[in-house]
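In: Got a predicted model here, sequence first, then my questions.
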Amino acid sequence: MNDKASSAPRPLTAGDRLYLIDGSGYIFRAYHALPALTRKSDGLPVGAVHGFCGMLIKLLRDASNGEKPTHLAVIFDHSAETFRNAIYPEYKAQRPEPPEDLIPQFGLIREAVRAFNVACVDQEGYEADDLIATYARQAREAGAEVHIISSDKDLMQLVRPGVTMLDTMKDKTIGEAEVLEKFGVPPEKVIDVQALAGDSVDNVPGIPGIGVKTGAQLITEYGDLETLLSRAGEIKQTKRREKLIEFADQARISRELVTLKDDVPVEEPVEDFAVREPDPGAVVGFLKAMEFTTLTRRVASDLEADAEAIEPVPVAVEGWEAPAADGGGAAAAAAGDGAATPGMRAAAAADAVRAVAIDPSAYETVTTLDRLDAWIAQAREHGVVAVDTETTSLLAMSADLVGISLALEPGRACYIPVGHRASDGFDFDGDGIAQLDRAEVVERLKPMMEDPSVLKVGQNFKYDWLIFIRQGICPAPVDDTMLISYALDSGRGGHGMDELSERHLGHKPIPFKEIAGSGRQQVTFDLVPVDKATAYAAEDADVTLRLWLALKPRLAAEGKTAVYETLERPMVAVLGEMERAGVQVDRNVLSRLSHDFAQGMARLEAEIHELAGESFNVGSPKQLGEILFGKMGLEGGRKTKTGAWGTGADVLETLAAQGHDLPLKVLEWRQLSKLKSTYTDALPGYIDGEERVHTSYSLAATSTGRLSSSEPNLQNIPVRTEAGRKIRTAFVAPRGAKLVSADYSQIELRVLAHMADIPELKQAFADGLDIHAMTASEIFSVPIEGMDPMVRRRAKAINFGIIYGISAFGLANQLSIPREEAADYIKRYFERFPGIRDYMEGTKAFCREHGYVETLFGRRCHFPNINVKHPSERAFNERAAINAPIQGTAADIIRRAMIRMADALEEAKLKARMLLQVHDELIFEAVDEEVDRTIETAVTIMERAAEPAMTLKVPLKVDARAAENWEEAH
DNA sequence: AAGTCTTCGTA
DNA sequence: GTACGAAGACTTC
């Protein structure tokens, strides 16, 4: 403990303000919410420490309500074991180990607390939360005001008159209203809801199938947990009633686990927390040692101390070793401009963006040409402008422009309505609404939107790009906050605007539903009143700009500029063009197939009902399960976690193999049903007036760098079965042209051979051998000549398994062999190719240590759950971590090819257009006389796509051919 | 009307 | 065993 105040502490009284900081909670939250930051001189991770010190300084200057604390303490957890483990041994049992770069910061934060001369409290056997509950009760009973610095929902039960929580990271006070919003019940009933809902993070079991929503509703209805449990028999919903009865005791234990103990025999009296003036030498010395230049300056000036004269105070660091000289810090520092590192500038930028509150009522609606010109002029002067379009549809290819919003600085944004209509049903052309003419607005915006010196910032800009292109504007240059986030944080959560706003700005944007309604009452944006539209649309531009300010500096700080600039940003226009082109689809082919499939289904259905002896819905797994395992009494066991009979294809196949006719016919029926509903019936709905279908590609939907395709998904058009392949004949080229398909051969195995550096595999690819036959020959010691196809098939399954992070269980499933046999194959494979095993182990170890893996081109994929305790979940993460660099590198390579393709085709004076991408395949449309040269160009670009950034140790091979339709071209 | 589960199509 | 998206059934509101 630090120096005691000279006079004896006086008891707390009314008028005192006690601030209790949940130190342990803060550390984890700050670590994840704030940008990673390292000490410039040696790379010591200090992001959470920086956030913590900033928070302390702000609090000591003036808390957010403008009142300084009279008493202040930081409370920490003592150790993992608490009295709760005696009640329930599994409590917090699956907490992951803290990340490597957080460990040294635990000690540093305690050092910080001491340096600031603030009370620092922990106590064996109790969690920080219990100590907080106890001190809060004592202070409140003494008449003092209590503020708890935390956003932990477990502390929300303490909120009451005189006790509030304060989330300093979001600058938000949590009072009774906020608790009610979060839990649906007032604070005193929070523990009852938690007892029902449980908590997977703390491993509080709760009652299965009941979440916060249902829990709150039940508690509201019955008053409290005990009443609910004793009257559980009255519940109408069967499943819910049974669960409540079955797991009643589990709920009672859960309630004990979440109830905070407010009568801990505390060792430190609350009076001792009276705020004390820090010693300038200690606190400035500490901040200097951390190399927090801005904070040092701020504190020195607050304390009227001369920062220059104070030496850094050496701080011992536990749990971290400085790298040898010339570590990563040097590279980061090289990009800096003076004292601050890019990391610190990135952190400062994120702080600054949070500083200005978001106020949707403060935006301007632009309805005169003068104001429009003024905004355009300011955008040009400013050099950066966030842009967002509002339209009538999520489908960019058929959406009509309704308005445009611009943002120049945080809080300074406008909305330009151009296509609103009154919703009374009479004003069809919008004459009655004050808005500018669309064509005129477009014409005036165009020069600025195309001005190379004005950067246009968007969120998911491919959408807006398509809208602008269709208006005759070709926006450039552009930045996309969604793609910046994707380059930085893939695997750490989604990249949609609302999610990013909540994550980085602590702000929840107005939901679309709130202004346009939902369900039956939902209206298109053109029918939204202009004032509401302004609040919504301008806020989007404002948020986009703030996200850009917060995220863009991180690219340089985290070394991801090249990934963003070479693999992400150029894709906006490339995919935009592909989506705009679309692919021609012959609706007559689809309609004929639909008819054929329907006939086949009807025939099978009759046969199935005959075999079952009754009529039932073949498409219902539930009814089918009843027939198979109930009525017919077949062996096959329960499966799914909800307790239903499993009727997956594998189960039905097993039954069919035993000679049962019904499951076989169900399998055939399902195949036809799938093809009909998903493809032949659904696709015609996407065909436009030009007979073409325009899919939408998502650049940020996968964790690995692959694209995804939706509305419709053209990356899962059938190919494996004869019936399915017929659907591909509906994808055609226009008269006088052909479809060209070019696909990489074995790209993932080639990538693996390069990355793991396996001599035999490299040689095999160099020699153009059949890689699966070669693998089979190596591990089963059989000659390639005259090989049994079954042996090759086994080797092929192993090769795929390797890419997926093989497990004996999975391989056994794939090959329908016993697990022991599969384990034996894997063992033999690794004996023959030890380099693959080393590579896989190396990848896992790297991921465990860093929390991410990277592709050859530097794309980072995060795995926040790689270190969880639960064995099968961890194994799942490990397999994904092994797969990600392989799948991701292949994805990077085809992206590079696609980005170069447009220029290459143009340079070769070819009219061919790239239409589709299916992970390792590109589909083009080329006029008949240019087919050969298109193939030549496409193959060359694709095979050389890794160069010059990377020289692969194996050649890339591309097969390409042309035909009238996709089936024949593939 | 909205959300979850199951199944199945692709690389 | 990896990565996705879509459809229908089912459940609950």
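Out: Ah, there it is.
In: After the biggest helix by length in chain A, which helix or strand is next?
Out: Criterion DSSP state H: the longest helix present in chain A is helix A:871-907. Per DSSP states H and E, helix A:871-907 leads on to strand A:913-917 as the next helix or strand towards the C-terminus.
In: OK, contacts around residue A:965?
Out: Going by CB atoms under 8 Å, 6 or more residues apart in numbering, residue A:965 touches A:728-733, A:739. For every residue, glycine as well, the C-beta is placed using N, CA and C.
In: Please produce TSV containing those, extended by pLDDT.
Out: Output for the contacts of residue A:965, formatted as TSV (pLDDT from 0 to 100):
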residue	pLDDT
A:728	95
A:729	96
A:730	96
A:731	96
A:732	96
A:733	97
A:739	96
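In: now residue A:72, which residues is it bridged with?
Out: residue A:19 (DSSP bridges).
In: So it sits against residue A:16, correct?
Out: No. Using CB atoms under 8 Å, residue A:72 makes no contact with residue A:16, being 11.0 Å away.
In: out of those two, which sits in the more crowded spot?
Out: Higher neighbour count among residue A:72 and residue A:16: residue A:72, with 26 against 21, using other CB atoms under 10 Å.
In: Now for that one: which residues touch it?
Out: Contacts here follow CB under 8 Å, 6+ apart; on that basis residue A:72 touches A:18-19, A:21, A:59-60, A:118-119, A:273, A:275.
In: could you dump these to a markdown table with pLDDT, distance to DNA strand B and neighbour count?
Out: Shown next, in a markdown table, are the contacts of residue A:72 (pLDDT from 0 to 100; distance: CB to the nearest atom of the strand, whole Å; neighbours: other CB atoms under 10 Å):
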| residue | pLDDT | distance to DNA strand B | neighbour count |
| --- | --- | --- | --- |
| A:18 | 92 | 39 | 26 |
| A:19 | 91 | 37 | 24 |
| A:21 | 90 | 34 | 30 |
| A:59 | 80 | 38 | 22 |
| A:60 | 79 | 43 | 20 |
| A:118 | 90 | 42 | 23 |
| A:119 | 87 | 43 | 22 |
| A:273 | 90 | 43 | 25 |
| A:275 | 88 | 46 | 20 |
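In: Widest-spaced pair of those residues?
Out: Farthest-apart pair in the contacts of residue A:72 is A:18 and A:60; separation 14.1 Å (CB to CB).
In: which intervals of the stretch 251-400 of chain A have sub-threshold pLDDT?
Out: Of all residues in the stretch 251-400 of chain A, those with pLDDT under 70 make up the ranges A:320-341.
In: What segments of it are helices?
Out: Applying DSSP state H, counting those that start in this stretch to the stretch 251-400 of chain A gives helices spanning A:280-290, A:293-302, A:328-334, A:342-355, A:369-382.
In: Quick check on residue A:414: phi, psi?
Out: Backbone torsions of residue A:414, given as degrees, to the nearest 10, read phi -140, psi 170.
In: Count the neighbours of it for me.
Out: Residue A:414 sits with 23 neighbouring residues when counted by other CB under 10 Å.
In: so it sits right up against residue A:378, yeah?
Out: No. Here residue A:414 lies out of contact with residue A:378, judged by CB under 8 Å, at a distance of 9.8 Å.
In: restrict the contacts of residue A:72 to contacts with DNA strand C.
Out: Among the contacts of residue A:72, no residue sits close to DNA strand C (CB under 7 Å from any atom of the strand).
In: What about the residues you listed, which are in strands?
Out: The strands, defined by DSSP state E, take in A:18-19, A:21, A:119 from those.
In: ok, how many other residues are close to residue A:434?
Out: As a burial measure, residue A:434 scores 11 neighbours (other CB under 10 Å).
In: and if you look at residue A:391?
Out: 22.
In: If you count neighbours, what's buried in whichever strand or helix holds residue A:532?
Out: Using DSSP H and E, residue A:532 falls within helix A:530-557. Within helix A:530-557, the residues that qualify as buried by neighbour count (16 or more other CB atoms under 10 Å) are A:530, A:533-557.
In: host element of whatever residue of the stretch 351-500 of chain A ends up closest to DNA strand B?
Out: Per CB to the nearest atom of the strand, residue A:498 is where the stretch 351-500 of chain A lies closest to DNA strand B, at 13.2 Å. Using DSSP H and E, residue A:498 sits within helix A:497-500.
In: Give me the contact list for that helix.
Out: Against helix A:497-500 from outside (CB under 8 Å, 6+ apart): A:459-460, A:481-482, A:485, A:493, A:508-509, A:511, A:540, A:543-544, A:547, A:551.
In: And the furthest pair within the residues you listed?
Out: Maximum pairwise distance among these (CB to CB): 22.3 Å, between A:511 and A:551.
In: one step back: out of the contacts of residue A:965, name the ones that lie in helices.
Out: Taking DSSP H as the definition of helices, the contacts of residue A:965 contribute residue A:728.
In: The contacts of residue A:965 also near DNA strand C: which ones?
Out: Okay, of the contacts of residue A:965, nothing touches DNA strand C (CB under 7 Å from any atom of the strand).
In: Tell me which of the contacts of residue A:965 fall in strands.
Out: Of the contacts of residue A:965, the ones assigned to strands by DSSP E are A:731-732, A:739.
In: buried set for stretch A:160-170?
Out: The neighbour-count check on stretch A:160-170 (16+ other CB under 10 Å) flags A:160, A:163-170 as buried.
In: quick one: which two of those residues are the most distant?
Out: Checking these with CB to CB, the most distant pair is A:160 and A:169, at 23.1 Å.
In: then the helix holding residue A:498 to CSV, C-alphas only?
Out: Extracted in CSV, the C-alpha atoms of helix A:497-500 (Å, rounded to 0.1, in the frame of the first residue of the first chain):
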residue,chain,number,x,y,z
MET,A,497,-21.3,-1.0,-40.7
ASP,A,498,-23.6,-1.5,-37.7
GLU,A,499,-21.2,-4.0,-36.2
LEU,A,500,-18.1,-1.9,-36.9
